Structure formats: structure tokens, C-alpha cells
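Undergrad: Sequence and predicted structure below; questions after.
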Amino acid sequence: MKTYFIIPLLLLGMASFAQNRIENLNFESTENNLPKIWKIIGDSSAKVSADTKEKQEGATSILIDATENGFKGLMYTLPQNYAGKKITLSGYIKTENISDGFAGLWLRIDPEIGFDNMNKQGLKGTNDWKKYEVTLEMSPQNTQKIVVGALLSGKGKMWVDNLKITVDGKDIENVKIFEQKITKINSDKEFDNGSKIANINLDKNNVENIKKLGLIWGYLKYYHPNVAAGNYNWDYELFRIYPKISGVSANERDQILSNWIKNLGEFQTAKNSEPKEVKIRPDLDWISHSGFSKELTDQLLQLKDAKRPKTNYYVDFINGVKNPDFKNENPYEKMTYPDEGYRLLSLFRYWNIIQYYFPYKNLIDEDWKGVLTEFIPKFINAKDETEYTLASLEIIARIHDTHAGVWGNNRALSKYFGERYSPVKLIFAENKAVVNDFYNDNLGKESGLQKGDIITEINGKSVDNIIKNRLKYIPASNYPTQLRNIAYNILNSNSETITIKFSRNGKEESKTIKTYTLSELKSKKEEKPFFKMLDNNIAYVYMGSVDSKKLDETFNQIKNTKGLVIDFRNYPSDFVTVKMGRLLKPSLTEFVKLTTTDSSQPGLFTFTSTLKIPGEGKSSYQGKIAILINEITQSSAEFHTMAFRTAPNAKVFGSTTAGADGNVSKIMLPGNISTMISGIGVYYPDGKETQRIGIVPDVEVKPTIDGIKNNKDEVMEKALDWIKS
């Protein structure tokens, strides 16, 4: 009998082990000259094949050979979700004559938990076999799938071999498979296939009931200890409570909501101490001013002093930085067009995240509670996926944060704004849409347009009217940044041509130009070195290519120059606030302080201590420092500028920046809509605002139409004049 039972148990253990085994990471198993189990992705301009002549180990490697500029790669979806903190994909790559792009391994955790494709490493040219790796932070409880692969972007040849996947340093075959714990939340399946809410009444009385429900639902989510602890599927509780208050009188509504709160269970209270250096207090006056019954008002007020768990189930805080992590918000990604109940949930979820966790809520130019009322019919009446996505984008734009927007490859917005691209790059100069460059020089030449041409009309609509109609869909902290974002896609279309009117040298002309898919556009890729000498005595660094490992070597070359130009009209490729900042000045300087909130009193934002940049003493850079900024200077670039401008010999040239500083926090809305907010407040040491205002230059210089036409960098010229003076 013992033998009879032992054998099945052994087989069961072997089956479990085999289920965790990843085959063919060394590409030894092939079929039709392709690696088994691997999927080929990308466009058709490159070939993928097994190569038995060139390999790092074993008998076979995989070759990606691209004779034209494009994208090609390999992809494999791991069979399990794994328990751990960090996952690493490592492997060997060899390259030959890679240009206009890069080669790399890539690793992705869905839905939008993490992604790295070695783009920042910039592997190109010709390189012998070398081991590379990419690592991502894991979130097993939120992970739906993990995907690995290799890719070649651009032209040239890439070989890849001998891949390995580890979790926290352990080979993946020895890592425990993550098993989702059965909780009250994930065991609640009642509304998995729909909210069962339809035909929501939008008369004045019911809209008011919905608004009051939205206020209370969000307040309970973050303030009631039993909800914060994750004892309820709070999304589904909305679908249970709404039908009960739909269409009822105010008195009936308040009694229903009061009973609802009672049924959430008892809780302890603990008086919160008075915080120091408060920037924003929680907006809770609505509790007393909404005309609720005395019983309901008292219940809500009592919750202000509830003893809440340190970590809310729906929001945690990133270690060190303390920006919010909305970790357990279900994106309901299969619902491309959520039903009425889920659209109401989307509105309530976003509105309340802003209400309690947006550090710049005080800068919203209107009553945020009025915005809730306004958007109830917009979300409910959205008749398809596009209208729902646009309603989401519109309320996102109302917080005036350049970090906000709908991110990722959102198909509804791509179709709405146009999936085909003009070869023309535009910027707004002198408040006009001006041709600044071309994504593809050959296609640009074919268009017949020239640098400095002023676009006045597109497909019969004036540029001014297009801007006016689009502004409500353009989340940005200030108007120049809205124009920056409009310039990116104002010439997009779903048609193969667009008709434009433009002005050249004062003469009005019309022209029909072609549009292209991204693969047809074959956009040129600008690869700028971090450091170069402008002349024998002035150095220039392009922060879009900064590498912390090369800073000491670079500064040894420029330490005796008369001037240094630091160009932040880009996004820094590395975070070098301290390492580079200290090289620019002799002594310690204050440059920023932050605000954060926590789960004890959501919506209460207090200042941290002021952050400082050390100095390098007598060996610091002694020449003049010109820092260049414009509306492209955003987030990390703004933060770096704040640090670097504290150098005694520094001066900032250009125009107002994007006005969105601080680490970002991602938000997922039903229908897999991905957005973000600036998650911490960023201020000057004296408490002055940076959000929306941006970094104000010492010397304002803006591009002119004449300068664009004559290929002048007027910001650079002004900076060089100052250095030489």
C-alpha cells in the first residue's frame, strides 16, 4: 500500500516542478530554422533565424538581421506568476554594425507594472559576445503575465544566446510559484461580468444622490479602517449600494447610507496630533456643509479620528520617496467599453484619488466637488469606447498636471487623433504653428514644406480653432506645454493625405501632403553625445545622454574652460542631481523641499526637511554655467535644474518649463485606461511653487520664426554671449 501511494505523490511533485521549468532559453531546440516556443514580433523588414556558426555556447544562437531601419524581436510569455521581489533576465548579445537604434534584451510585467528593453544602454555598433541583463521590481499580487525577449531596433545584425531568468538571485526553476491568497476581495465574484447597473436616471435629484454617494464612497475607502484593511471589495460595494439610493429622497438616501456605514463594523479612534509645516489640509468641510442628516454627519465626522491601518489595501507608498502606489486598483482590462456602473466607478475612483492623494489639488482652478457633479452625466452618457476614453481624458486634463494624460497605446485615442503621421515636426513659436524639422528628411522634402513655414489651416479648419477645441483634452500644467503636446499630433490623420494652408515669407499657399504609418515614416533617430567642446574654451553637455559613470572623466576635460552649457531641453538619461550637482559648486546648498501624505490622514500634505546638494570645494567648476530650458524641460529635468542653478556662477536661459515635478504615481481606470499624477509636491526651499509655474529662467529667450527659418538656436546664442562677455 505504501508503494502505491508514494509513486503518485512523486509524480505529482515532478509535474509541479516541470510546470515551473522554462525550456529553450539557449535556443538549442529549433523548427524551420526558428526557436521553438518563441514568438517572432515586429515588422517584416528584418529576418530572424537560427545560426549554428556564430554562438556563445552550445550549437545554436538566434540571429536578427535587419537591412532596413525597423524593429524585430523574440518574445516568450512565462508559464507562471512567481513569488519574489525582483526578476532578472540575463543573456549574451553580439552585434554587428547596428545603427539608427539599439539591440537589447527586454522584460515586461503586465499590466503595466514594469518594462525595460535596454534602450538607455544604447547598445549599437559592433560588439563581441557580452553578458547583459535587465531587472524589474515585481508585484506578484497584481501581475497577470511576465514576458521576456530580445529585440533589434534599427539596422544591423544581432545575435542572442544563453538566456537565464532568475528571481531574487534564484534560478526560475527553483522559485516558488505565486499563489493568490483567497481574500474577501478576490473571492467576491458577483460583478465580474458586469455591474448590473443600467439606465441611470440623470435628473437633478438623482445626480445629487450620485454626487453624495461619490463623496462618501471615496471617503470610506480611505478613512474607514475596515475598508482600508481590505475587508470589502469596495468596487463591488458601489454596485450594491447605488441601486438602493437611486431616485430616493434625501432623507431616505441619508438613512440608507447611515445603515451602510453601520454595517461596515466598529472601529477604534485615536486623536491625531497637530502636524508641523502643513501645505494642504484634507478637504472634508463637505461633511458638515452637504445637508446630511445629523446621524450621517456624526458618523462621517467620527471617522476623521479613526485608527487606520498603516497601509491601506488600495494605496501604499513607495519606500524613500513616499509617492502613492495605487497597487490594488483593478484595471478591468477586458472591458474596453465598461457598462454604466463601471463607468461610474471609474469617475469615483479617479476623483477620489485626486481628492486625497494629489499633492497639487490646491492649484486646481475650480471647486473639485463641482467637477464631480459636472462629469457624472459625461461618464454615464458616453455611448462607446471613444466617448468614455475622452471623458476620462477630459477630467484628467482638469487637474492641470503635465504628468497626467492617458498613457500607453490607447487604441481609442490613437484612432480619434489619427493613426497616420505627417513627416513634419512642428513647434509653436510666436504663438504660431511653425515647421521646425522633419521626422524623415526624404519624406519631408517630398512634402514641399520648409523650416519656418507657418501652418494656418488643416483640412479646412483653422489652427486656432483646432487648438481651442483640443485644449480640454490636453493635460498639462501650463499653456506653453499644452501647445507643445498639441504640436505632436495636430497633423495626424486617419486618411492618407491632409490638406494644409501655410504662410511662407508672407505669402499664403495650399498643399496636400501625405501621411504615413509609423513603420513607413522610419523616423530618424537623433543620437547626441553627452559632451562636446563648442570652441576651445566652452564646453557643452546634453543631459539626454548623461551617464553618471562618465561624469568624472568629462569634468576632468572641462574643468579649466571659461564656460559650460548644460542643455536640459530634453529628459535626463540618468539621475545625477547630487553626483553632477556637487561638481558645479564649492559648498553645500539647499535647493528643494517636498510634500507627502500618508494613510493616517489622507489628503494632509506636510513638508519634508529641505534637501541639499553638497559642494566640491576648491576643485569645483569655476567657469560660468549656462543652463538651457524650455517647455520640453519636465520632471527630472526640472528637478536637476533646481539643483544646478544653485551654483554661484549659474544662470538659466530659455522659457518656462513643463511645470510638472516630482515622482509619478500610476493610476489604472476600468477599461485598462492608464494615467498618472505627480505623486509628491516639489517646492523651492522657501516654499514657492514649481508646479504649473515651472522653472522660470533668469534670461527669457524664445525661438522666433526667423531663427527657425535660418537654423538658429537663439537660446544657445544668448547663453554663449553671456559666457563670452
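TA: Arrived safely, thanks for sending.

Undergrad: Would you mind identifying the next helix or strand past the longest strand that the chain contains?
TA: Criterion DSSP state E: the longest strand present in the chain is strand 86-110. If you walk from strand 86-110 toward the C-terminus, the next helix or strand you reach (DSSP states H and E) is strand 114-116.

Undergrad: May I see the buried residues of that next one?
TA: Taking 16 or more other Cβ atoms under 10 Å as the neighbour-count basis, strand 114-116 is seen to contain the buried residues 114, 116. Quick note: C-beta positions are derived from backbone N, CA and C, even for glycine.

Undergrad: Also stretch 425-435?
TA: Residues of stretch 425-435 classed as buried: 425-429, 433-435 (neighbour count, 16+ other Cβ under 10 Å).

Undergrad: Strands - which of those land there?
TA: Among the buried residues of stretch 425-435, the members falling in strands (DSSP E) are 425-429, 433-435.

Undergrad: what's the closest of the residues you listed to Asn205?
TA: Distances from Asn205 to these, taken as Cβ to Cβ, are shortest for Phe428 (45.7 Å).

Undergrad: per-residue pLDDT, the closest one?
TA: On the pLDDT scale, Phe428 is placed at 97.

Undergrad: likewise the one 3 residues further on?
TA: According to the prediction, Asn431 has pLDDT 93.

Undergrad: ok, of the ones in strands among the buried residues of stretch 425-435, which one's closest to Lys262?
TA: For Lys262, the closest of these turns out to be Phe428, at 56.5 Å, with distances computed as Cβ to Cβ.

Undergrad: mind listing what the longest strand of the chain pairs with, with the direction of each?
TA: strand 114-116 (antiparallel), strand 123-137 (antiparallel), strand 145-167 (antiparallel) (DSSP bridges).

Undergrad: Indicate which one of those strands is closest to Asn174.
TA: With respect to Asn174, and counting by Cβ to Cβ, the nearest of the strands paired with strand 86-110 is strand 145-167 at 8.8 Å.

Undergrad: got the buried residues for that closest one?
TA: Going by 16+ other Cβ under 10 Å, strand 145-167 has these buried residues: 146-167.

Undergrad: now stretch 76-95
TA: Across stretch 76-95, burial judged by 16+ other Cβ under 10 Å covers 76, 78, 80-82, 84, 87-95.

Undergrad: same deal with stretch 179-198?
TA: 185, 191, 195, 197.

Undergrad: now the helices for the stretch 551-700 of the chain?
TA: According to DSSP state H, counting those that start in this stretch, the stretch 551-700 of the chain carries its helices in the segments 551-558, 577-581, 636-644.

Undergrad: what does the last one contact?
TA: Taking contacts as Cβ atoms under 8 Å, 6 or more residues apart in numbering, the residues outside helix 636-644 that touch it are 543, 566, 568, 570-572, 575-578, 580-581, 584, 591-592, 613, 625, 627, 629, 633, 650, 652, 657-662, 682, 684, 690, 694-695.

Undergrad: swap in the second one?
TA: Under the criterion Cβ under 8 Å, 6+ apart, residues 546, 548, 551, 591, 613-614, 639-640, 643-644, 646-647 lie in contact with helix 577-581.

Undergrad: which regions of the stretch 551-700 of the chain sit below the pLDDT cut-off?
TA: Low-confidence segments of the stretch 551-700 of the chain (pLDDT under 70): none present.

Undergrad: Okay, strands next: where are they in it?
TA: With DSSP state E, counting those that start in this stretch applied, the stretch 551-700 of the chain shows strands at 563-567, 589-596, 605-607, 611-613, 624-629, 650-654, 664-669, 673-678, 681-683, 699-700, listed in chain order.

Undergrad: Quick one: the ones you listed as JSON lines, columns for distance to Tyr132 and mean neighbour count too.
TA: Putting these into JSON lines (distance: least, Cβ to Cβ, whole Å; neighbours: other Cβ atoms under 10 Å) gives the following:
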{"stretch": "strand 563-567", "distance to Tyr132": "29", "mean neighbour count": "24"}
{"stretch": "strand 589-596", "distance to Tyr132": "35", "mean neighbour count": "20"}
{"stretch": "strand 605-607", "distance to Tyr132": "41", "mean neighbour count": "20"}
{"stretch": "strand 611-613", "distance to Tyr132": "32", "mean neighbour count": "19"}
{"stretch": "strand 624-629", "distance to Tyr132": "33", "mean neighbour count": "25"}
{"stretch": "strand 650-654", "distance to Tyr132": "37", "mean neighbour count": "23"}
{"stretch": "strand 664-669", "distance to Tyr132": "27", "mean neighbour count": "22"}
{"stretch": "strand 673-678", "distance to Tyr132": "28", "mean neighbour count": "24"}
{"stretch": "strand 681-683", "distance to Tyr132": "34", "mean neighbour count": "24"}
{"stretch": "strand 699-700", "distance to Tyr132": "43", "mean neighbour count": "14"}
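
Undergrad: Now do the domain split for the protein, please.
TA: Each structural domain of the chain that the record assigns through automatic domain parsing is listed here as a residue range: 19-174, 204-412, 420-516.

Undergrad: what element comes up after the lowest-mean-pLDDT helix or strand in the chain heading to the C-terminus?
TA: Across the helices and strands of the chain, mean pLDDT, DSSP states H and E gives its lowest value to helix 2-19, namely a mean of 34. Downstream of helix 2-19, the next assigned helix or strand under DSSP H and E is strand 30-31.
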